[in-house]
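**Student:** just a sequence and a predicted model for now, questions to come.
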Amino acid sequence: MGLKEVLSKMKLVEIDPPPPSFAAEPRPSLGGAPRPPAGASGPGLPPPPPDIQELLGKIPEAPEIDEKKLAAVSAPEGDEIPDFMAIYKAAGVAEPAHGYTAYKVLEIFSSPGFSVLDTRAKAAALSGFLQMNPTGPVPVTDIVKDAVQRDQALDKFEGFLKSKLAARGEEIDKENAALQAEIDEITRRNRDKMEANRAALEMEQARLSRWQIMKRVEERKLFEAVNPFVESNPISTGDTTRPAAAPAQPEPEETPNQT
């Protein structure tokens with residue numbers, strides 16, 4: 001949220017002069033929430049606020065996030081992101097000496113006396129109270145400055161996280177590209193090896209086929225050499241069928257002797 005939005009929400013640029021008298025009211029301490037003055041919901045109100053440009057000129061930009069300070073701060077268990085107070089500390093946002101921060105104002109606004117007031121009346125009552133602070137007047141600009149610097153610190157921390165995420169993304173993309181290149185190279189080498197294995201197998205198959213042809217020729221020679229002497233040739237020729245064995249010759253019948 002920018003400064004203009006903060007000022008608009010606090011209604012500091014729409015408050016009517018002059019301030020009401022607080023003489024009859026007790027002066028509260030910093031330890032508790034102030035009591036709103038009588039008639040705070042009415043029109044009458046605190047001193048005219050500074051000009052917006054004047055406010056802007058008095059609010060320096062929050063410094064850059066100190067990563068070393070962030071690293072030194074222990075994050076909640078299981079969470080690598082530190083809490084808001086650690087972020088404010090790392091950004092160098094310091095509480096004002098008078099103790100009135102944006103959080104203190106929220107605490108006051110939530111107190112029973114203030115919670116019933118509308119936004120304009122809250123701004124009027126608190127502005128008047130701050131002018132009569134026992135330890136000295138508290139400029140409204142200090143509260144605005146505290147809120148704006150905290151907002152700037154959060155914005156800077158968000159930018160810090162985004163830059164780290166972008167850097168990590170580039171690192172991962174580079175690593176993944178290297179891994180993919182390695183995968184591609186392994187795939188290429190394995191494909192080449194598979195092709196070589198297939199070619200070697202085909203060569204072995206061709207060698208076997210050539211030998212089988214020579215084997216059948218040799219077996220035919222052996223078959224022919226043995227065939228005249230046997231009725232059933234024991235030589236295998238690699239053919240699917242073997243030549244049928246010659247039928248056995250019937251023995252001649254004996255003729256009785258004639259006397």
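**Tutor:** Yep, that arrived. Here the structure is a predicted model, which is why all the values come from computation and not from measurement.
**Student:** what segments of the stretch 101-250 of the chain are helices?
**Tutor:** For the stretch 101-250 of the chain, helices defined by DSSP state H, counting those that start in this stretch occupy the ranges 102-109, 112-115, 119-131, 140-226.
**Student:** how about low-confidence regions in the stretch 151-259 of the chain?
**Tutor:** Across the stretch 151-259 of the chain, residues meeting the criterion (pLDDT under 70) sit at 239-259.
**Student:** ok, Ala86 - how many residues close by?
**Tutor:** By other Cβ atoms under 10 Å, 18 other residues sit near Ala86. Glycine gets a C-beta too; all of them are placed from N, C-alpha and C.
**Student:** picking that back up, which one of the helices of the stretch 101-250 of the chain lies closest to Ser236?
**Tutor:** Counting by Cβ to Cβ, Ser236 lies closest to helix 140-226 out of the helices of the stretch 101-250 of the chain; the figure is 6.2 Å.
**Student:** now the closest one against helix 102-109, angle please.
**Tutor:** Counting by axes from the mean of the first three to the mean of the last three Cα atoms, to 10 degrees, helix 140-226 lies at 120 degrees to helix 102-109.
**Student:** which strands and helices sit next to helix 140-226?
**Tutor:** Using 3 or more Cβ pairs under 8 Å, 6 or more residues apart in numbering; DSSP states H and E as the contact criterion, the neighbours of helix 140-226 among helices and strands are helix 3-10, helix 52-58, helix 84-90, helix 102-109, helix 119-131.
**Student:** and stretch 157-177, which residues are buried?
**Tutor:** Using 16 or more other Cβ atoms under 10 Å as the burial criterion, the residues of stretch 157-177 that qualify are 157, 160.
**Student:** what sits up against that stretch?
**Tutor:** Applying Cβ atoms under 8 Å, 6 or more residues apart in numbering, the set of residues contacting stretch 157-177 from outside is 65, 67, 81, 87, 90-91.
**Student:** residue ranges with poor pLDDT in the stretch 1-150 of the chain?
**Tutor:** Under the criterion of pLDDT under 70, the regions of the stretch 1-150 of the chain flagged as low confidence span 1-63, 70-79.
**Student:** follow-up on the earlier one: so among the contacts of stretch 157-177, which ones count as buried?
**Tutor:** By neighbour count, with 16+ other Cβ under 10 Å, those hold 65, 87, 90-91 as buried.
**Student:** among these, which one sits closest to Asn197?
**Tutor:** Closest approach between those and Asn197, by Cβ to Cβ: Ile65, at 58.8 Å.
**Student:** right, and that closest one touches Leu154 too?
**Tutor:** No. Under the criterion of Cβ atoms under 8 Å, Ile65 is not in contact with Leu154, lying 10.0 Å apart.
**Student:** find the residues that touch each one of these two.
**Tutor:** Common contacts of Ile65 and Leu154, defined by Cβ under 8 Å, 6+ apart, comprise Ile87.
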